[in-house]
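Colleague: sequence unavailable; structure follows:
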């Protein structure tokens, strides 16, 4: 392992992440004081309402669909301000964001790749599978919110109650407001990076260790064999657990060689399920604890781990049922 390269890559990643975290915190501060900015998220207002979430969460859902990296800092900003008032609302928001997050992946990541590799028809079918995963996760979030959140929040934004670090909005000049937003966002950013920075360097070293990843691969192989996958498709699942882009390319090659499209798609989703098993430790817990603190961060991490896993398994079973009862009929 080339430690110089690993440290360089981790540093570049941290610098990029720092910028997006700051953007999210800054936008949350300004959005709290600018009702019109919050209202940009009107498309997701029904999703927030049905989940019993404050209407500011519609702006958070919008952020997850257009700027994923800045979305969690935005939610944190609302939490710090008191717009998202308790842990249950934070957990509900992060789970319910499954569908908007999949919109981001479809538009900016897997969409162009899938259509380019699979072609238009199969590419669109693959993206429909991704959207289905996000939809199921959002449904789980809605169910959780409707059960755990005792009452509906205020139906409209209340600019007078927007508080950040205890300072009420008193029609400050824009220049002063931007200055305050920069100062408070930077303060929160420092607290986050004190945890996130060292953890990121450690994780980059672990992920780039061939020895450690060999053990991870060996541990995941038996789980992959339990899932209802075609034997020829198992390598796709194992690859998707580590590198989705290569897995998509591998899937297309096997489809050309005779593998059913639905088997290839099922294997990729299975790989995402396998990835989720160790994502809890290398991403979800460090990332969310650095933002929300130990107690809430762990709750959010476990909630995401469970709902993502359930959503992946549900889609695998749906695809398997289609293969067995529809395509084989």
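Modeller: Perfect, thanks for sending it. The structure displayed is predicted, hence computed values, not measured ones.

Colleague: C-alpha from now on. contacts and neighbour counts both.
Modeller: Fine.

Colleague: quick check: domain ranges of this protein?
Modeller: Listed domain ranges for the chain are 1-208, 209-328 (source: the TED database).

Colleague: okay, the ones you listed in a markdown table with mean pLDDT and mean neighbour count next?
Modeller: A markdown table is the format used below for the domains of the chain (pLDDT from 0 to 100; neighbours: other C-alpha atoms under 10 Å):
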| stretch | mean pLDDT | mean neighbour count |
| --- | --- | --- |
| domain 1-208 | 84 | 19 |
| domain 209-328 | 92 | 18 |
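
Colleague: and residue 29, backbone torsions?
Modeller: phi -60, psi -50 (degrees, to the nearest 10).

Colleague: not counting sequence-adjacent ones, nearest residue to it?
Modeller: Leaving aside its sequence neighbours, residue 29 sits nearest to residue 181 (C-alpha to C-alpha, 6 or more residues apart in numbering; 5.8 Å).

Colleague: so that neighbour sits in a helix?
Modeller: Yes: counting by DSSP: H, G, I helix; E, B strand; the rest coil, residue 181 is located in a helix.

Colleague: ok, residue 190 to residue 147 distance?
Modeller: According to C-alpha to C-alpha, to the nearest Å, residue 190 stands 35 Å off from residue 147.

Colleague: let me fix that, I meant to ask about residue 139.
Modeller: 12 Å.

Colleague: also residue 9?
Modeller: 43 Å.

Colleague: now residue 295
Modeller: 21 Å.

Colleague: contacting residues for the residue nearest the centre of the chain?
Modeller: Centroid-nearest residue in the chain, with C-alpha atoms, centre = their mean: residue 101, separated by 5.9 Å. Contact partners of residue 101, counting by C-alpha atoms under 8 Å, 6 or more residues apart in numbering, are 61, 64, 65, 68, 134.

Colleague: which two among the residues you listed are spaced furthest apart?
Modeller: Within the contacts of residue 101, two members stand farthest from each other by C-alpha to C-alpha: 68 and 134, at 14.0 Å.

Colleague: what's the helix or strand harbouring residue 317 packed up against?
Modeller: Applying DSSP states H and E as the criterion places residue 317 in helix 294-321. Here helix 294-321 touches helix 87-96, helix 120-148, helix 261-279, helix 285-292, going by 3 or more C-alpha pairs under 8 Å, 6 or more residues apart in numbering; DSSP states H and E.

Colleague: who touches the shortest one?
Modeller: In this case it means helix 285-292. So helix 285-292 is contacted by 73, 76, 192-193, 195-196, 199, 295-298, 300-301 (C-alpha under 8 Å, 6+ apart).

Colleague: try 10 Å
Modeller: 21, 72-73, 75-77, 79-80, 87, 90, 188-189, 191-197, 199-200, 203, 279-281, 283-284, 293-302, 304-305 (C-alpha atoms under 10 Å, 6 or more residues apart in numbering).

Colleague: how about the strands in the stretch 151-300 of the chain?
Modeller: 163-164, 167-168 (DSSP state E, counting those that start in this stretch).

Colleague: run through who's touching stretch 198-205.
Modeller: When contacts are defined by C-alpha under 10 Å, 6+ apart, stretch 198-205 is touched by residues 1-3, 6-11, 13-14, 193, 206, 209, 212, 281-283, 286-287, 290.

Colleague: residue 27 and residue 196: what is the separation?
Modeller: 21 Å.

Colleague: again with residue 308
Modeller: 23 Å.

Colleague: so can I have a markdown table of the contacts of residue 101 showing distance to residue 227?
Modeller: Below are the contacts of residue 101 laid out as a markdown table (distance: C-alpha to C-alpha, whole Å):
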| residue | distance to residue 227 |
| --- | --- |
| 61 | 32 |
| 64 | 30 |
| 65 | 30 |
| 68 | 30 |
| 134 | 20 |
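
Colleague: including secondary structure, could those residues go into a markdown table?
Modeller: Output for those, formatted as a markdown table (three-state DSSP):
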| residue | secondary structure |
| --- | --- |
| 61 | helix |
| 64 | helix |
| 65 | helix |
| 68 | helix |
| 134 | helix |
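
Colleague: just confirm the residue nearest to residue 29 contacts residue 24, I think it does.
Modeller: No: using C-alpha atoms under 10 Å, residue 181 is not in contact with residue 24, being 11.1 Å away.

Colleague: stretch 281-290: how far from the chain's middle?
Modeller: From the chain centre to the centre of stretch 281-290 is a distance of 12 Å (C-alpha atoms, centre = their mean, to the nearest Å).

Colleague: quick one: end-to-end length of it, please.
Modeller: End-to-end for stretch 281-290, by C-alpha to C-alpha: 13 Å.

Colleague: tell me who's in contact with residue 28.
Modeller: Residue 28 sits next to 22, 34, 37-38, 56, 59-60, 70-71, 73-81, 164, 181, 185 when contact means C-alpha under 10 Å, 6+ apart.

Colleague: thanks again, I'm all set now.
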